[in-house]
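Undergrad: Quick check, what structure comes out for this input:
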Amino acid sequence: MIENNSLLSIAASASRHAAVRQTVIAQNIANADTPGFVAQDVVSFSQVVSGGTDGFDIRHTRAGHMAGSAGIEGRLLIDSSAQGATTPDGNSVSIEDQMVRAADARRQHDLALTLYRKSLDLIRIGLGRG
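TA: Residues are numbered from 1 along each chain as shown. Have a look, this model is predicted:
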């Protein structure tokens, strides 16, 4: 029952997506002084869920049920330098921009964990252990 719960699956995928995004942001910040480094980001979770990438595709298994596929392992990195200026040495990392992105990734992670926690609470209530 719990293995097939699509809400838990989506919450877990969202949490993994936020963790991957936080890793990419940390790499960007670590390379803020590296000449020629191009800042990257991860495709948004909404694009991943809608099938915009090869990582996670929602499909109906039967009426009223939804299930996801393998996860976000096939995620795509995108060049995020288009939004900011590049320094004379070719580096496109803006610390301020990366900090805003890090805060957004944390918000996404907190939302995914809340969704996961509330789903487990509903399962416990359904089993009479709430």
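
Undergrad: who does the host helix or strand of T23 touch, helix- and strand-wise?
TA: Element membership of T23, judged by DSSP states H and E, is helix 6-30. Counting contacts by 3 or more CB pairs under 8 Å, 6 or more residues apart in numbering; DSSP states H and E, helix 6-30 packs against strand 40-42, helix 45-49, strand 65-67, helix 95-126. C-beta here means a position set from N, CA and C on the backbone, and glycine is covered the same way.

Undergrad: So which of these is the most surrounded?
TA: Of those, the one with the most neighbours on average (mean count of other CB atoms under 10 Å) is strand 40-42, at a mean of 21.

Undergrad: Which residue lies nearest the spatial centre of the protein?
TA: A centroid search over the chain (CA atoms, centre = their mean) returns H17, at 2.4 Å, as the residue closest to the centre.

Undergrad: how about the nearest residue to it, chain neighbours excluded?
TA: Spatially, and ignoring its direct neighbours in sequence, H17 is nearest to F45 (4.7 Å; CB to CB, 6 or more residues apart in numbering).

Undergrad: Listing request: residues of this structure with sub-threshold pLDDT.
TA: Of all residues in the chain, those with pLDDT under 70 make up the ranges 1-5, 51-76, 79-84, 130.

Undergrad: One more pass at 90, please.
TA: Low-confidence segments of the chain, defined by pLDDT under 90: 1-13, 41-88, 90, 92, 116, 119-120, 122-123, 126, 128-130.

Undergrad: For the nearest residue to R101 once chain neighbours are set aside, give me its contacts.
TA: Nearest non-adjacent residue to R101, counting by CB to CB, 6+ apart: I25, 5.2 Å away. Shown in contact with I25 (CB atoms under 8 Å, 6 or more residues apart in numbering): 41, 98, 101-102, 105.

Undergrad: Please report the distance of I25 from I10.
TA: Counting by CB to CB, to the nearest Å, the gap from I25 to I10 is 22 Å.

Undergrad: Cool, thanks, talk later.
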